[in-house]
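Enquirer: build me a model:
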Amino acid sequence: QVQLVESGGGLVQPGGSLRLSCAASGLTFSIFAMSWYRQTPGKERELVAFIQSSGGSTNYADSVKGRFTISRDNAKMTVYLQMNSLKPEDTAVYYCKAGHRNLGDFWGRGTLVTVSS
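Expert: Okay, the predicted model is just below:
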């Protein structure tokens, strides 16, 4: 059974930092591309950051470029999202996704990030 468990969310002041983690189990982690998405009430889930299975290529939403960094540790079966210079508009539930063109997509349940003074 595939499980993705996000952690690291919480309340942070504007300008602060958080590091999200997503621990995977039940899949061959190293062959899956990993992504972070976020969603706020009434809006569609949006892609925040993407990293290839090898970790060799990453991509970011324009709104987070230069502030967020995605990384992965295949030995630990974990993907991370380092978030710096946080803004109130970064407030959302953050989800990780494991994706493979043949095996499909798997989602975690999300972790809430609130940026507020």
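
Enquirer: torsion angles phi and psi at the residue nearest to the spatial centre of the chain?
Expert: Central residue of the chain (Cα atoms, centre = their mean): residue 36, 2.8 Å from the mean position. Phi and psi for residue 36, reported as degrees, to the nearest 10, are phi -110, psi 130.

Enquirer: show me the contacts for it.
Expert: When contacts are counted by Cβ atoms under 8 Å, 6 or more residues apart in numbering, residue 36 touches 20, 22, 47-50, 70, 79, 81, 94-97. Every C-beta, even on glycine, is put in place using the N, C-alpha and C of the backbone.

Enquirer: can you check residue 24 too?
Expert: Applying Cβ under 8 Å, 6+ apart, we find residue 24 in contact with 2, 3, 4, 32, 77, 78, 79, 98.

Enquirer: select only the buried ones of those in ChimeraX?
Expert: To isolate the buried ones among those in ChimeraX, judged by 16 or more other Cβ atoms under 10 Å, type:
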select :4,32,77,78,79,98
